[in-house]
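Chemist: Sequence first, then the predicted structure:
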Amino acid sequence: MPRGRPSTSLGTNEVCVDPIETNSITVNGEHRRVPAGITVADLALELGLEPTRVAVERNLEIVPRSTLGAVKIEDGDDFEIVTFVGGG
């Protein structure tokens, strides 16, 4: 191999694809990709939210807080997530 040229196993028309499977979802109107297999509670944590302090609507249905850790996110899901804020 000529000096100064990087070694690569990819041809000019090959694309390196991320091996992590993801799902495409919408959260509060914003498109995002998340790892496949995560739960709604995992999503809340990824968004910097405490799962015990959010209300979640998934595909126009309320997700009971007691099930957030069990409900798996599916490709195409549409979420609305709101947080509870205390104060006077």
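Modeler: Arrived safely. Residues are numbered from 1 along each chain as shown.
Chemist: Could I get the full set of helices for this structure?
Modeler: 40-46 (DSSP state H).
Chemist: can you give me the strands in it?
Modeler: Applying DSSP state E to the chain gives strands spanning 22-27, 30-35, 54-58, 61-63, 78-83.
Chemist: Adding distance to Leu43 as columns, could you present those in a markdown table?
Modeler: Any C-beta I mention is one placed from the backbone N, CA and C, and that applies to glycine too. As requested, these are arranged in a markdown table below (distance: least, Cβ to Cβ, whole Å):
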| stretch | distance to Leu43 |
| --- | --- |
| strand 22-27 | 7 |
| strand 30-35 | 6 |
| strand 54-58 | 8 |
| strand 61-63 | 11 |
| strand 78-83 | 7 |
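Chemist: Mind putting these into TSV with mean pLDDT and mean neighbour count?
Modeler: Formatted as TSV, the strands of the chain follow (pLDDT from 0 to 100; neighbours: other Cβ atoms under 10 Å):
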stretch	mean pLDDT	mean neighbour count
strand 22-27	97	16
strand 30-35	96	12
strand 54-58	97	17
strand 61-63	98	12
strand 78-83	96	15
